[in-house]
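Participant: Quick one: sequence and predicted model below, then my questions.
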Amino acid sequence: MKKIYVTGHRNPDLDSVASAWAYANLKNIVDDQNEYIPIRIGPLNDTTKIEFQKLNIEAPAFVKDVRAKVRDVVITDFNHLHPDDPIFNLVKLFRDRHSSVVPLLDNGKFSGLLSLDEITSFFLKENAGKRPTYRFYPENFGKVIRGKFVKEASSRCIEAHIITGAMEYERFKKRIESLLPTLPVLVIGNRKRHLEYAISKQIPAIILTGLEEDEEIAADYSSYNGIIYQSYEDTAETIRLLRMSLPVYQLLQNSPPKIEVDALFDDAKRMLAESEFRGLPVFDEQEFIGFVTRRCFLEKPKRKVILVDHNELNQSVDGLDEANIVEIIDHHRLDAEKTAQPIFIASEPVGSTCTIVYHQYLRWGVPIDQLTAKVLLAGIIADTVILKSPTTTNQDISAAFVLSKFADVEDVKQYGEQLFGSSGVLKNEDIEQVISGDFKIYNESGIRFGIGQVEVTTFDQIEDVKGEIHRQLEFTRRNNALQWAMLLVTDVIKEDSILIATGYPKREKALGYPMIEPGVFLLKGVLSRKKQLLPEIVRVLEEVV
């Protein structure tokens with residue numbers, strides 16, 4: 001199933017978060033071909049956080065961006081080997097599975113990645129220069145060479161050359177003596193004198209070839225402390241397979257750089273291209289979860305996103321320009337990006353996106369359960385300021401009335417007052433979060449300005465924090481390269497607002513609201529930033545030079 005993210009805007013208020021949650025829920029009901037995941041791209045404000053806690057549901061998870069990540073292409077379904085497994089098993093995996101990379105895991109712990117390059121390098125190296133010394137694990141003989149152990153020893157590892165006993169006896173003795181003090185692994189037929197000499201020298205391992213299955217060994221090996229393995233293969237094949245019995249960890253050379261699962265696709269692609277490796281291991285913190293190869297980066301994946309409560313790129317999740325927008329559910333003006341394909345857009349001039357989502361439930365004929373009704377009702381009440389905002393429409397009122405029945409809410413007004421009253425007193429909150437929680441940036445008449453909004457149940461909440469709000473507004477102004485920054489504090493009970501603003505010579509004095517103290521204005525009957533305050537700000541910017 002493909003994942004499709006449903007996201008609200010950068011400053012997620014209750015309407016934005018609730019509509020994302022409820023719309024993802026609807027889409028998962030009507031579409032069983034995809035998985036719809038509600039997300040948020042900013043911190044939750046107190047009202048939203050408390051409401052979701054009261055409803056005992058998990059708020060949408062925070063997602064930093066929707067750029068293509070390593071997790072979109074990582075190979076997690078793979079065959080692996082233990083570091084002590086024989087090279088024969090690795091070659092068989094490459095042949096049968098057509099894999100270019102095989103991980104080595106020891107009890108789930110990552111040990112390395114092997115590819116055909118390491119096999120090639122190993123056998124090129126052993127065939128260049130002097131006779132190679134191998135590190136054999138005798139337990140692997142039986143895994144690779146058809147045959148049986150005649151005599152086993154406790155030695156787990158043998159470091160030795162390989163020698164055959166095909167030559168004349170005296171020459172054989174001289175050849176063994178020339179290798180001393182290193183004793184080789186001997187591959188030999190059933191030759192009495194050769195075997196007796198090898199046993200007397202306590203050669204660490206003897207691989208017998210050419211014997212019938214029940215044929216007796218020509219020499220007495222009762223005093224021998226090494227390993228005797230009877231191969232059912234001929235001598236040449238036995239030697240070939242003996243080399244293939246070496247443990248795969250011996251092929252490891254350089255350790256490849258590790259990649260985090262949430263690393264950007266482009267960064268990982270560049271890292272692999274600039275490395276000498278065919279694949280790189282992928283980790284989720286300390287846990288190995290898979291690997292990527294060059295084939296993983298042939299095509300860059302695009303995540304699918306549904307926008308709710310916004311439609312503009314600059315208000316949305318980072319990396320949206322690399323994703324596919326598949327739907328828009330919104331109640332703001334349309335200024336959406338051009339899309340590659342036609343998409344579904346539900347845009348209505350109503351007071352809340354949750355009202356539009358409610359209409360989508362009706363459109364699909366999906367019954368609304370009590371929990372979903374409460375989520376949608378909360379979003380409508382929050383965005384329309386208990387159905388008092390000038391943005392409120394008859395559709396919002398109708399939706400709230402029906403949803404209140406489904407949600408078993410008797411008094412919508414009382415429910416709304418409880419909703420707004422549940423957030424903390426401003427003096428106990430992080431003022432930076434208060435301002436940025438629902439802060440929108442505008443550009444009118446060549447002037448860049450921003451307005452935040454917060455709802456309270458009494459203006460007494462702001463008396464002790466006006467100075468701090470002024471300081472934080474000035475910081476927000478500079479940090480966002482604005483010429484004017486404001487915070488609209490709305491009393492949802494009295495239906496009035498107070499505007500706190502940074503200084504802007506001439507223009508703040510031209511506002512059509514009484515200034516009750518420097519930088520603080522009383523806005524009687526003003527509840528909506530969009531329909532009431534914004535037009536006045538635009539008027540001042542156009543008229544005052």
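Facilitator: Structure received. Just so it is clear, the structure is predicted and the values come from calculations on it, not from any experiment. Numbering: from 1, shown residues only.

Participant: Tell me the gap between the helix or strand harbouring L186 and the middle of its chain.
Facilitator: Under the criterion of DSSP states H and E, L186 resides in strand 185-188. How far strand 185-188 lies from its chain's middle: 53 Å, per C-alpha atoms, centre = their mean, to the nearest Å.

Participant: now swap in stretch 104-115 and tell me
Facilitator: 22 Å.

Participant: end to end, how far does it reach?
Facilitator: Terminal residues of stretch 104-115 lie 11 Å apart, using C-alpha to C-alpha, to the nearest Å.

Participant: burial count for K130?
Facilitator: Neighbour count for K130, taken as other C-beta atoms under 10 Å: 6. Every C-beta, even on glycine, is put in place using the N, C-alpha and C of the backbone.

Participant: Return the distance of it relative to H161.
Facilitator: 10 Å (C-beta to C-beta, to the nearest Å).

Participant: before we move on, what about I119?
Facilitator: Using C-beta to C-beta, I119 is found at 21 Å from H161.

Participant: cool, P535 as well?
Facilitator: From P535 to H161 the distance is 91 Å (C-beta to C-beta).

Participant: quick one: secondary structure of V282?
Facilitator: Following DSSP: H, G, I helix; E, B strand; the rest coil, the label given to V282 is strand.

Participant: check contacts around it.
Facilitator: 70, 74, 258-261, 288-292 (C-beta atoms under 8 Å, 6 or more residues apart in numbering).

Participant: so what's it bridging to?
Facilitator: Counting by DSSP bridges, V282 is bridged to I259, G290.

Participant: Please report how far it lies from P505.
Facilitator: 56 Å.

Participant: Compute the number of surrounding residues for the nearest residue to R193 once chain neighbours are set aside.
Facilitator: Among residues not flanking R193 along the chain, Y169 sits closest, at 5.1 Å (C-beta to C-beta, 6 or more residues apart in numbering). Neighbourhood size, Y169 [other C-beta under 10 Å]: 14.

Participant: Which of the contacts of V282 sits closest to F406?
Facilitator: Closest approach to F406 among the contacts of V282 (C-beta to C-beta): V261, at 40.6 Å.

Participant: so what's the closest one up against?
Facilitator: By C-beta under 8 Å, 6+ apart, the contact set of V261 is 69-71, 74, 282-284, 289.

Participant: Reformat these as a markdown table; add distance to D318.
Facilitator: Output for the contacts of V261, formatted as a markdown table (distance: C-beta to C-beta, whole Å):
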| residue | distance to D318 |
| --- | --- |
| K69 | 12 |
| V70 | 17 |
| R71 | 16 |
| V74 | 21 |
| V282 | 22 |
| F283 | 23 |
| D284 | 21 |
| I289 | 24 |
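
Participant: Which of these are buried, as a PyMOL select command?
Facilitator: Selection of buried members from the contacts of V261 for PyMOL, criterion 16 or more other C-beta atoms under 10 Å:
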select buried, resi 69+70+71+74+282+283+289
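
Participant: just to revisit the earlier point, counting neighbours, go ahead and name the busier of P535 and H161.
Facilitator: Taking neighbours as other C-beta under 10 Å, P535 and H161 compare with H161 leading, 15 against 11.

Participant: Identify the residues contacting L104.
Facilitator: Going by C-beta under 8 Å, 6+ apart, L104 touches 80-83, 110-114, 248-249, 252.

Participant: pLDDT score for it?
Facilitator: Here, the pLDDT recorded for L104 equals 96.

Participant: F277 versus the closest residue in space to it that isn't next to it in sequence, what's the distance?
Facilitator: Excluding its sequence neighbours, the residue lying closest to L104 (C-beta to C-beta, 6+ apart) is S111, at 4.0 Å. Distance of S111 to F277, given as C-beta to C-beta: 15 Å.

Participant: If you count neighbours, what's buried in the helix or strand bottoming out on mean pLDDT in the chain?
Facilitator: Least confident helix or strand of the chain, by mean pLDDT, DSSP states H and E, is helix 116-126 with a mean of 81. Using 16+ other C-beta under 10 Å as the test for burial, helix 116-126 gives 118-119, 122.

Participant: can I get these in a markdown table with distance to T47?
Facilitator: Shown next, in a markdown table, are the buried residues of helix 116-126 (distance: C-beta to C-beta, whole Å):
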| residue | distance to T47 |
| --- | --- |
| E118 | 58 |
| I119 | 62 |
| F122 | 64 |
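
Participant: just the contacts of V282 now: which is nearest L403?
Facilitator: The closest of the contacts of V282, once distances to L403 are taken by C-beta to C-beta, is V261, at 39.8 Å.

Participant: Model confidence for the closest one, exactly?
Facilitator: 96.

Participant: Over to R156?
Facilitator: Per-residue confidence (pLDDT) for R156: 83.

Participant: mind pulling up the phi and psi values for the residue nearest to it when sequence neighbours are not counted?
Facilitator: Excluding the flanking residues, the one nearest R156 by C-beta to C-beta, 6+ apart is Y137, at 6.7 Å. Note on Y137: its backbone torsions stand at phi -110, psi 100 [degrees, to the nearest 10].

Participant: Contact partners for the residue nearest to R135 when sequence neighbours are not counted?
Facilitator: Leaving out its chain neighbours, the residue that sits closest to R135 by C-beta to C-beta, 6+ apart is E159, at 5.1 Å. Residues in contact with E159 (C-beta under 8 Å, 6+ apart) are 133-136.
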